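1. quick one, fold the following:
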Amino acid sequence: MSQSRIIRVYADTSVYGGVFDEEFRDSSSRFFEQAEQGRFEICVSPLLEQEIASAPDGVRRLYLKTAARAADAQGAAEAVILQDAYLKAGIVGVRSADDALHVAFATVMRCSLLVSWNFKHIVHFDKIALYNAINIVQGYGEIGIHTPDEVIEYEENERF
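-> Numbers count the residues shown, from 1 in each chain. Below is the predicted model of the structure:
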């Protein structure tokens, strides 16, 4: 693994659950392994904690293991204001407000990346552009929104 700077990342609930899903297991597991090795600094939010609380036991145990090294959310009120701007812009509807709040927490916590397996409301090229447009209008920088597949490091001889 390269010796680059630590990347501040917000992983939403789908990445934790992905460790226990056959389709997403390899990339999600590798993401958390690389976080443990120091490639990523994982950030958490009250929303993430709330969603994890009702998740299956394995997901909760994984969260507790990673949360011990995680950066806690800052600016919850600020995140709600940004979430409201996303909703007013029509990026997602009220029924998907929690998805917008994940993006807002990642943004106000100054994460470089948000990783997710939510292709409908978060990791979608139309939505990413809109989230970042609102971030700029609101005085924040852009945030990279990707799947774990796109951010993990691979061995040199390993094919994607």
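2. list the contacts for residue 110?
-> Neighbour list for residue 110: 8, 141 [criterion: C-beta atoms under 8 Å, 6 or more residues apart in numbering]. The way it works is simple: take the backbone N, C-alpha and C, and place the C-beta from them, glycine included.
3. and it, which of the three is it?
-> coil (DSSP: H, G, I helix; E, B strand; the rest coil).
4. distance of residue 102 relative to residue 155?
-> 30 Å (C-beta to C-beta, to the nearest Å).
5. cool, and residue 136?
-> In terms of C-beta to C-beta, residue 136 sits 36 Å off from residue 155.
6. more crowded one of these two?
-> Legend: neighbour count by other C-beta atoms under 10 Å for residue 136 and residue 155, higher for residue 136 (11 against 7).
7. so who does that one touch?
-> residue 142.
8. could you find the closest non-adjacent residue to residue 99?
-> The shortest distance from residue 99 to any non-neighbouring residue, by C-beta to C-beta, 6 or more residues apart in numbering, is to residue 121 (3.9 Å).
9. wait, is the one you found part of a helix?
-> No. Applying three-state DSSP, one finds residue 121 to be coil, outside a helix.
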